[in-house]
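Engineer: Here is my input; please provide its structure:
(2 chains)
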Number of protein chains: 2
Amino acid sequence: MAEGDRRQFFRRVRTTLAGAAAAVAAPAGFTLDTTKVQGAVAREYGARSRYETLKRWITPARFLGSTASWTPLGELNGIITPSSLHYERHHGGVPDIDPASHQFLIHGLVERPLVFSLAQLQRFPITQRICFLECSGNSYTEWRTPSAPSVQRSHGLTSCSEWSGVRLKTLLAEAGVMTEASWVVAEGADGAAMTRSIPLAKCLDDVLVAYAQNGEALRPEQGYPLRLIVPGFEGSINVKWLRRLKIVDQPYYSREETSKYTDLLPDGRAREFTFTMEAKSVITAPSAGMRLSGAGFHEVRGLAWSGRGAITRVEVSADGGEHWQDATLHGPVLPICHTRFTCPWEWDGTPTALLSRCTDETGYVQPTREQLRSVRGDKSFYHYNGIQSWRIGADGTVTNG
Amino acid sequence: MAEGDRRQFFRRVRTTLAGAAAAVAAPAGFTLDTTKVQGAVAREYGARSRYETLKRWITPARFLGSTASWTPLGELNGIITPSSLHYERHHGGVPDIDPASHQFLIHGLVERPLVFSLAQLQRFPITQRICFLECSGNSYTEWRTPSAPSVQRSHGLTSCSEWSGVRLKTLLAEAGVMTEASWVVAEGADGAAMTRSIPLAKCLDDVLVAYAQNGEALRPEQGYPLRLIVPGFEGSINVKWLRRLKIVDQPYYSREETSKYTDLLPDGRAREFTFTMEAKSVITAPSAGMRLSGAGFHEVRGLAWSGRGAITRVEVSADGGEHWQDATLHGPVLPICHTRFTCPWEWDGTPTALLSRCTDETGYVQPTREQLRSVRGDKSFYHYNGIQSWRIGADGTVTNG
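Structural biologist: Sure thing, here's the model as predicted:
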C-alpha cells in the first residue's frame, strides 16, 4: 500500500481498536469471548459455518429437466472450486444412481465388448489431474450486449477440480479397438441420455474415466458415480453419469452436436465439433455487483485458463485498455487448469474500466469482443472468450460494460 | 495386467454382462433405468450422494473438549482432501465464531499494534498454496507395538488442502517489527486459547494468515474464520481460530510446548520445539482392514509428504523389505504437499508384507521403525515417521505389522 492509503486504512483499524478497548471496559453487549466456553465436538463429516451463505445461481428453467447452476467466482479463492459450488449443466435432471448396480459398457468396433462395475474399474491403474471444466455456453450473455449482472452470471459456468480415475486408453486397450474405428460415442445415464461424439485420437490421449472429485466420490451433479474428463474440451463432451462408450467410424451427429453446441457464422454456415475451449480470463474482484470502499489501494484478482495448455501471461488494464500491466500468476500454474492472477491497483477515484487478457503456451492471445465478433459475427451462442470489461463508477460501483 | 490375470478378471466381467442381458429379458427386478425418468433439479449448494458414507473417525474423548478426527485415507484419491473429511485436532472444542465481529491483533514488539477485521485482512494482497498439515501425534500408535487397525487410524491425522490468505510477512511489515524481536506467540480463540511460539524467521518466510480452504471460507473445524498456515511445521503450530500474534524476544513455553508436543528421549531429556514434520509415506491401499479379492494384479497406492520440501522418490517393497521397486509419482508434485504414488503388483497368493519408503529433496530417506527407535527410544509420542508395513495373509486379509 502507498503510505497515504496505509494511513487512511489504519485510521479505521485504530478506531476499531479503540472500540474494542471500550467494549472490554463495558461488558454489557460485549461479543461472546469464545475462549471462555466449551466449543462443539468434532463431526464425522464436516459442513461449512452457519455464517457462510455462498451459493450457485440456478438458471430459471424453461422446463424442469434442463438447467444450469453457476459458480460464484467473485467470492471464491484459489484454483480448487469447492465441490458443493462446482458449476453444473444438465439436460434431463440429476439422476439418482446406486453405484453398486451401475454398469459401464464399451462396445462397437472392439475385439472384446466389456461391461464394468465400478469396483472392477477401480482395480485398474488410477491417475489424477487438476483441470478446469467450462460449459461452451459460458459468457453467452456477452456476445451481443454485455449484460450479465455479475461475474457469477457472466463466467460462472467454469470450475476446477482434481479428478481421479482410469485412463480411457487403458480400457480401450483391454477392449481391443479395431483398425477402422475413428470416433467414440459417449452416453450418459441421465434423463437426456446425453450423447456426444469424441475423436478416437483424443480418447487414446488424455481422457479419464473419472470416479473421484477433490478426493471423494464424484458429486451427483458432476456425474456420480462415473464421468468422462476430456481435458480442454467443452463441458458437455465430459459426459456425466457415463454408462456407455460405443466405438464407431464416424461422428453420430446427436442432438447436442447439431441443433445445439454448434456455432452459427455470419454466412449462415455453422461450425460444428468445436471442442477446444480457447484461452480466457476474467477479473473476479472487483467485478460487477461489487462496490469499492473508496479510492486508494485495491488488489485486482482473477482467473485465467486455456483448453490448449498452460497460461503463460495475464495482463491487466486499469484504463479501459490503453495501458496494460503484467499480473502476477500464482502457482501452481498447470496446463488446462484455472490459474490465479493478481495485480496491485491504486484507484484515483475517477470512473474507469478494468480489463484482463491472457496468453497461453501456444502463443494465443485472448481477443477483444470486437475481434471475436469480426470473425464469428453476432449469431453465436457458444465459445465466447472475449476480454471482459468491468466499469468502475465514481461512487465505487462496478458494472458490466 | 498380465494376460492370465486379465482373463480371470474379464471372466467375471463377462459373467456380469450375461447377467445384465438376462435382466433385460426379465424386467421384473430390473434396476431402474435412470434415462427413463426425470432427474432432480440442481441445488444451490451441493452435497454428496446418499450412497456415500465415508467419515472421519473421532477419537473417543477422555473429556469432551479435547479430541481428534481422522481422515479416511484408505478410501480417498488424489492429493486434495475433501474439506468435510480434513483431519482435525482441537483442545477445547470447535468455537462458533461470527466473522463479522472477529478481530485479529498483532502487538508486542512492534512499532504499530494493529487490529484487523476479516474484511480489512481480505484487502491485503492474497496468495495461495496447496500444502499438507499433519498432527505431530499422527502414527503415535506405531512407536511401541504397531497397533492401528487401519490406515485411517495409523496415518489419518494428515490432510492436504489449498489455502488462501495474506502472507504474514506483509502484515508484520505494516506493524513494523522491532529489532529485538525473535519469536511470535500465536493464540487461538478456542476454549483452550491454544498458544504456540513460532520463530520470527519462519513468520517472515512462508507463513500465511489463511481465510480460505479449497476455494471457500475455512471450515469451522479448520479454524474459521482465520488460521495460521505454517508450511511443514507440526499441526498445532498452525493455530486455528487465530485472534492474536504477540511479537516477543523468546519462546513462551506454553502448555502445548512443555507438557505436550515435546519428545522424551532415552536419556530422560526432551526434544522441544520439534517443528518440522519429516518425510513420511504410507500405502493407503491395500492397507489394514481391507481384503484382497485374490491373487493376480493389484495396484499399490499411497501418499508421501515432507515438511522439508518436495518428495523426489518413493519405493515399494512387496516382500517385507528385501527388494524395492520405484513407484510412479503422480503430478502435481509440490513442495510440502501430499504426493500420490502408485506401483503395479502381481500377488502370487502367498503371505507377504507391503512397505513404502520415501525420499525428499534434501536427500532424507524415511527411516525404518528400528532406525527411528534406535535414536529416539520408545518413550516418544510425537513425530513418528517410520516405514509402515502391511501384512498380507494367504486369504487376502491385510493387517498391521
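Engineer: didn't A:Gly307 look like it was pressed against A:Thr274?
Structural biologist: No: using C-beta atoms under 8 Å, A:Gly307 is not in contact with A:Thr274, being 10.7 Å away. In this view, the C-beta of every residue, glycine as well, is placed from N, C-alpha and C.
Engineer: More neighbours: which of these two?
Structural biologist: A:Gly307 (22 against 18; other C-beta atoms under 10 Å in any protein chain shown).
Engineer: How about that one, nearest residue that isn't a chain neighbour?
Structural biologist: A:Gly232 (3.2 Å; C-beta to C-beta, 6 or more residues apart in numbering or on different chains).
Engineer: what do you get for A:Met178?
Structural biologist: Counting by C-beta to C-beta, 6+ apart, A:Met178 lies nearest to A:Leu109, which is 4.2 Å off, once chain neighbours are set aside.
Engineer: Return the residues in contact with that neighbour.
Structural biologist: A:177-178, A:180-181, A:247-249 (C-beta atoms under 8 Å, 6 or more residues apart in numbering or on different chains).
Engineer: immediately after the helix or strand of chain A with the lowest mean pLDDT, which helix or strand?
Structural biologist: Across the helices and strands of chain A, mean pLDDT, DSSP states H and E gives its lowest value to helix A:3-25, namely a mean of 41. Next along the chain after helix A:3-25, taking DSSP states H and E as the criterion, comes strand A:57-58.
Engineer: near chain B at all, that following strand?
Structural biologist: Yes: residues of strand A:57-58 contacting chain B under C-beta under 8 Å from any C-beta of the partner chain: A:57-58.
Engineer: Check stretch A:205-215 too.
Structural biologist: Yes: judged by C-beta under 8 Å from any C-beta, stretch A:205-215 comes into contact with chain B at A:212, A:214-215.
Engineer: For that stretch, measure first residue to last.
Structural biologist: 23 Å (C-alpha to C-alpha, to the nearest Å).
Engineer: Break down the stretch 251-400 of chain A into its strands, ranges please.
Structural biologist: Assigned by DSSP state E, counting those that start in this stretch, the strands in the stretch 251-400 of chain A fall at A:263-264, A:270-271, A:280-285, A:296-305, A:311-317, A:325-326, A:328-330, A:339-347, A:352-360, A:389-392, A:398-400.
Engineer: nearest residue to A:His338 other than its sequence neighbours?
Structural biologist: Per C-beta to C-beta, 6+ apart, closest to A:His338 is A:Cys160, 3.9 Å.
Engineer: re earlier: give me the buried entries from the contacts of A:Leu109.
Structural biologist: When these are checked for burial by 16 or more other C-beta atoms under 10 Å in any protein chain shown, the buried set is A:177, A:181, A:247-248.
Engineer: Format those residues as a markdown table; extra columns: secondary structure and distance to B:Gly386.
Structural biologist: Compiled in a markdown table, the buried ones among the contacts of A:Leu109 are given as follows (DSSP: H, G, I helix; E, B strand; the rest coil; distance: C-beta to C-beta, whole Å):
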| residue | secondary structure | distance to B:Gly386 |
| --- | --- | --- |
| A:Val177 | strand | 46 |
| A:Ala181 | coil | 50 |
| A:Ile247 | strand | 49 |
| A:Val248 | strand | 53 |
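Engineer: Dump the residues you listed to CSV, plus distance to chain B and pLDDT.
Structural biologist: Compiled in CSV, the buried ones among the contacts of A:Leu109 are given as follows (distance: C-beta to the nearest C-beta, whole Å; pLDDT from 0 to 100):
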residue, distance to chain B, pLDDT
A:Val177, 16, 98
A:Ala181, 20, 98
A:Ile247, 16, 98
A:Val248, 20, 98
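Engineer: Provide a list of residues in contact with the closest residue to chain B within the stretch 51-200 of chain A.
Structural biologist: Across the stretch 51-200 of chain A, no residue is closer to chain B than A:Gly93, which sits at 2.4 Å (C-beta to the nearest C-beta). Shown in contact with A:Gly93 (C-beta under 8 Å, 6+ apart): A:64-65, A:190-191, B:38-41.
Engineer: Check the residues of stretch A:205-215 next to chain B for burial and list the buried ones.
Structural biologist: Counted by 16+ other C-beta under 10 Å, the residues of stretch A:205-215 next to chain B give A:212, A:214-215 as buried.
Engineer: Which parts of the stretch 101-250 of chain A are helices?
Structural biologist: A:118-121, A:151-155, A:168-175, A:200-203 (DSSP state H, counting those that start in this stretch).
Engineer: what comes up buried for the last one?
Structural biologist: Judged by neighbour count using 16+ other C-beta under 10 Å, the buried positions of helix A:200-203 are A:200, A:202-203.
Engineer: From the contact counts, what lies against that helix?
Structural biologist: For helix A:200-203, the helices and strands in contact under the criterion 3 or more C-beta pairs under 8 Å, 6 or more residues apart in numbering or on different chains; DSSP states H and E are helix A:168-175, strand A:183-188.
Engineer: rewinding a little: redo the contacts of A:Leu109 as JSON lines? Include distance to B:Leu355.
Structural biologist: Output for the contacts of A:Leu109, formatted as JSON lines (distance: C-beta to C-beta, whole Å):
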{"residue": "A:Val177", "distance to B:Leu355": "38"}
{"residue": "A:Met178", "distance to B:Leu355": "43"}
{"residue": "A:Glu180", "distance to B:Leu355": "47"}
{"residue": "A:Ala181", "distance to B:Leu355": "43"}
{"residue": "A:Ile247", "distance to B:Leu355": "41"}
{"residue": "A:Val248", "distance to B:Leu355": "46"}
{"residue": "A:Asp249", "distance to B:Leu355": "49"}
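Engineer: tell me which of those is nearest to B:Ser83?
Structural biologist: A:Ile247 (38.8 Å; C-beta to C-beta).
Engineer: Apart from its neighbours in sequence, what residue is nearest that closest one?
Structural biologist: Nearest residue to A:Ile247, sequence neighbours excluded (C-beta to C-beta, 6+ apart): A:Gly108, at 3.9 Å.
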